[in-house]
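1. Quick one, fold the following:
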Amino acid sequence: MTATDTRTTTPAPVAGGAAEWSPAVMPPIGADLTGRQKLACAFGILARSGFTENIAGHITVRAEDSADPESLWINPWGLWWEEITASDVCRVSPGGDVLEGRWDVTPAYHIHTELHRRRPDARVVVHNHPYHATVLAALGALPEFVHQTGSMFDGDLAFVDEYTGEVASPELGADLAERIGDASVVLLANHGVIVTGASVEEAVYRAATLERQCRLTCDVLGRDRTLVPPPLRRAMKASLLERGTDFFWNGAVRALLRDRPEVLD
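-> Residues are numbered from 1 along each chain as shown. Prediction:
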């Protein structure tokens, strides 16, 4: 005997996000982080998440806590992401002059400056060449919505289809920002990826998640596959970002500090 499905209608999907449910309390990190310490942790977390290509990449954050809120916090030239500590983080002017810090900064920071200037939402800009995102960039493809966590990027994805070499001048930075437009997750042909965010926590969560979604897409290329239906993505995106950001960040920082407590120095 086989069971009979007596359903006559499909239940309505949940609204998602904080409107659906919010935690009353969250396990803490165990430390109050300064802006520089938070950025140093961001480098360490993304290095552990496979978001790096050895010497490549930068993260910039608007230095709103400084005397010059137009300046940017950024990693120095010469340190891999996995070895950066808070005291290594530099502050640069919009023109690239080092205002704070003991190391030099690459002129490739121009990848970031025009995005910060044009996009109030882009308080944080993350750029590197993670492997699976770079594979898709070489194919001229974007990650597909093959898993519910990919819903985090619904409506945010874009592809820049022309490689223009090293972005080491204000003019090239402005051209790239024009091509990116309002997108917050951008694959760059023959290059890498840019992720923007309103906070360090959100930008790091999205960047780490993006590389996993790119890997999933690479793994199913050429096979029959199902996609998350578009009507369900918005609610899942809200749940991931509104409830998941602190969960991811707090746990990732706790794990990093267990292994590298000196990252806060």
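2. Check what pLDDT L256 gets.
-> Per-residue confidence (pLDDT) for L256: 98.
3. Which strands or helices does the one helix or strand it maps to pack on?
-> For L256, the host element (DSSP states H and E) is helix 230-259. Applying 3 or more C-beta pairs under 8 Å, 6 or more residues apart in numbering; DSSP states H and E, one finds that helix 230-259 makes contact with helix 35-48, helix 200-220. Any C-beta I mention is one placed from the backbone N, CA and C, and that applies to glycine too.
4. Look at E201 and say how many residues are nearby.
-> By the measure other C-beta atoms under 10 Å, the count of residues near E201 is 20.
5. for the one 4 residues further on, same thing?
-> Number of residues near Y205 (other C-beta under 10 Å) recorded here: 25.
6. my guess is it contacts E242, does it?
-> No: look at Y205 against E242 with C-beta atoms under 8 Å: they stay out of range, at 11.4 Å.
7. Low-confidence bits of the protein, can you list those?
-> 1-8 (pLDDT under 70).
8. tell me the centre residue of it?
-> A207 (2.8 Å; C-alpha atoms, centre = their mean).
9. wait, it sits on L46?
-> Yes: with contact defined as C-beta under 8 Å, A207 reaches L46; the gap is 5.8 Å.
10. hey, what's in contact with both of these two?
-> Common contacts of A207 and L46 (C-beta atoms under 8 Å, 6 or more residues apart in numbering): V126.
11. What are the buried residues along the helix or strand hosting H132?
-> Using DSSP H and E, H132 sits within helix 131-139. By neighbour count on 16 or more other C-beta atoms under 10 Å, the buried set for helix 131-139 is H132, A133, T134, L136, A137.
12. Adding distance to A18, write those out as a markdown table.
-> As requested, these are exported to a markdown table (distance: C-beta to C-beta, whole Å):
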| residue | distance to A18 |
| --- | --- |
| H132 | 30 |
| A133 | 29 |
| T134 | 34 |
| L136 | 31 |
| A137 | 33 |
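13. just those residues now: which is nearest E201?
-> Distance to E201 across the buried residues of helix 131-139 (C-beta to C-beta) is lowest for A133, with 20.4 Å.
14. My read is that the closest one contacts L187, right?
-> Yes: A133 is within contact range of L187, at 6.2 Å (criterion: C-beta under 8 Å).
15. what's the overlap in contacts for those two?
-> What both A133 and L187 touch, as defined by C-beta under 8 Å, 6+ apart, is the set V193.
16. who touches A31 in this structure?
-> A31 touches Q37, L257, L264, counting by C-beta under 8 Å, 6+ apart.
17. How far does stretch 207-219 sit from its chain's centre?
-> 12 Å (C-alpha atoms, centre = their mean, to the nearest Å).
18. got a list of contacts for stretch 146-159?
-> Contacts to stretch 146-159, defined as C-beta under 8 Å, 6+ apart, come from residues 137, 140-145, 180-181, 183-187, 189, 206, 209-210, 212-213, 216-217, 220, 225-228, 230, 232-234, 236-237, 240-241.
19. mind listing what's buried in that stretch?
-> V146, H147, T149, G150, S151, M152, F153, D154, D156, L157, A158.
20. How about stretch 91-101?
-> Within stretch 91-101, the residues that count as buried by 16+ other C-beta under 10 Å are R91, V92, G96, G101.
21. so which two of these are the farthest from each other?
-> G96 and G101 (12.3 Å).
22. Dump the C-alpha coordinates for the helix holding H132 into CSV.
-> Below are the C-alpha coordinates for helix 131-139, written out as CSV (Å, rounded to 0.1, in the frame of the first residue of the first chain):
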residue,chain,number,x,y,z
TYR,A,131,40.5,30.1,-6.5
HIS,A,132,36.9,29.0,-7.4
ALA,A,133,35.7,32.6,-8.0
THR,A,134,38.7,33.1,-10.3
VAL,A,135,37.8,29.9,-12.2
LEU,A,136,34.3,31.3,-12.8
ALA,A,137,35.8,34.7,-13.8
ALA,A,138,37.9,33.0,-16.4
LEU,A,139,34.8,31.3,-17.8
